[in-house]
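Q: With the sequence up front, the predicted model follows.
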Amino acid sequence: MSVPAVSSAVLTFYTSTIDESQRLTSSADGALELLRTRELLGPLLPSSAKVLDVGGGTGVHARWLGEEGHDVRVIDPVERHVEAARAGGIPAGVGDARALSAEDGSYDAVLLLGPLYHLPHAEDRALALAEAFRVVRPGGLVAAAGINRYASLFEHAALAHLDQARLQESVGRILATGVHDGRGGFTEAYFHTAAGLAEEVAAAGFAGVEVRGVEGPAWGMLKAVERHTGESVTRSPLFASVLAAARMADGYPALTAGGSHLLAWGTRP
C-alpha cells in the first residue's frame, strides 16, 4: 500500500521539540492521562493478549501492558521513539499507521493511541483505522484515541494565554474546523468531537463502539495550579479529586467533551 510520507513537521516536533518519553510522567495532567488510559483500556483486553501498539512512541503504554502479561509490539514513525522503546526491552519497529506490515488478523488488539492526532485529513484517518481492522482478529479489540476538540480552549485558559488575540484566532480555528495547522507551540493535528471519533471508528467496520473522556472535566485545574505555582500536584488531594471527577463523569455522555483526550473502542465482527 502506497501512502504519503509522514509529515516532516510532525517528525521534527517529536524528534527535536518534545520528549515523548516524559510527557505522561512529568506533569499532573500527563499522569492523569496515563492512569485513566490504563484503567479504561485494561479491563477491555483479554488475558495474555497479543497487542500491536501503533504510534506507541517510546513504549510508555507498552510497559504497563507488558507488566499485566500482554505480548506487546510498538510501531512508530519516529526513529528516536523506536530506539527508546527497544532500549527499554520492548519489541518495536518503524512504521506508519496507514500501511502496517502485520499480517491479516494477527493481533488480539490494536491500539491507536496517537496516530489519529496527527492525521488532519479524514482519508488518512480512515486508512489507519482500516489497517487496524485488517490486522486485528475477528472478535478482537481496537482502541483509538483522539485529542478533544475543546482541549486547546481549556488548556490555554488554564495557562492564562487565552486573552491574547493570536491565540483566540488559533483556538477559534480549531473549534470551527478541528484542524491545527502546526503554527505555534504544537504541530499539525486534528481535534475530534466525541461523536466524530465514534463515527470514524464505526465507519471502519467496528461494532459496539463506545467513547469516553480520558481526563474528565476538571483536568485543567491541574495544569493551571502547576503552571502558576511551579509545584507538582500529582500526589496531592487536588489530583485525587480531579481523578474522582473523571471517573464520575464516565456515566454522563455530555461530560465527555470536558476531557483533554477521547478514547474510543470497538470490536471487529
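A: Perfect, I can see it now.
Q: For residue 6, give me its contacts.
A: 77, 96, 118 (CB atoms under 8 Å, 6 or more residues apart in numbering). Heads up, the C-betas are built off the backbone N, CA and C, glycines and all.
Q: buried stuff in stretch 72-92?
A: For stretch 72-92, the buried set under the neighbour-count rule, 16 or more other CB atoms under 10 Å, comprises 72-78, 80-82, 84-85, 88, 90, 92.
Q: Mind checking the pLDDT average for it?
A: Averaged across stretch 72-92, pLDDT comes to 97.
Q: neighbouring contacts of that stretch?
A: Contacts of stretch 72-92 from elsewhere in the structure, counted by CB under 8 Å, 6+ apart, are 6, 10-11, 14-15, 20-21, 51-59, 62-63, 65-66, 93-97, 100.
Q: That stretch spans what distance, first to last residue?
A: Distance between the boundary residues of stretch 72-92 (CA to CA, to the nearest Å) amounts to 9 Å.
Q: What of stretch 148-162?
A: The first and last residues of stretch 148-162 sit 17 Å apart, counting by CA to CA.
Q: The residue nearest to residue 119 when sequence neighbours are not counted: neighbour count?
A: Computed as CB to CB, 6 or more residues apart in numbering, the closest residue to residue 119 that is not its neighbour in sequence is residue 125, at 4.7 Å. The local packing count at residue 125 equals 28, with neighbours defined by other CB atoms under 10 Å.
Q: if I look at residue 125, how far off is residue 55?
A: From residue 125 across to residue 55, the span is 12 Å (CB to CB, to the nearest Å).
Q: returning to that earlier point: now intersect the contacts of stretch 72-92 with the helices, please.
A: When helices are assigned by DSSP state H, the members of these inside them are 10-11, 62-63, 65-66.
Q: just to revisit the earlier point, does the residue nearest to residue 119 count as helix, strand or coil?
A: helix (DSSP: H, G, I helix; E, B strand; the rest coil).
Q: any idea how far it is from residue 204?
A: Residue 125 is 9 Å from residue 204, where distance means CB to CB.
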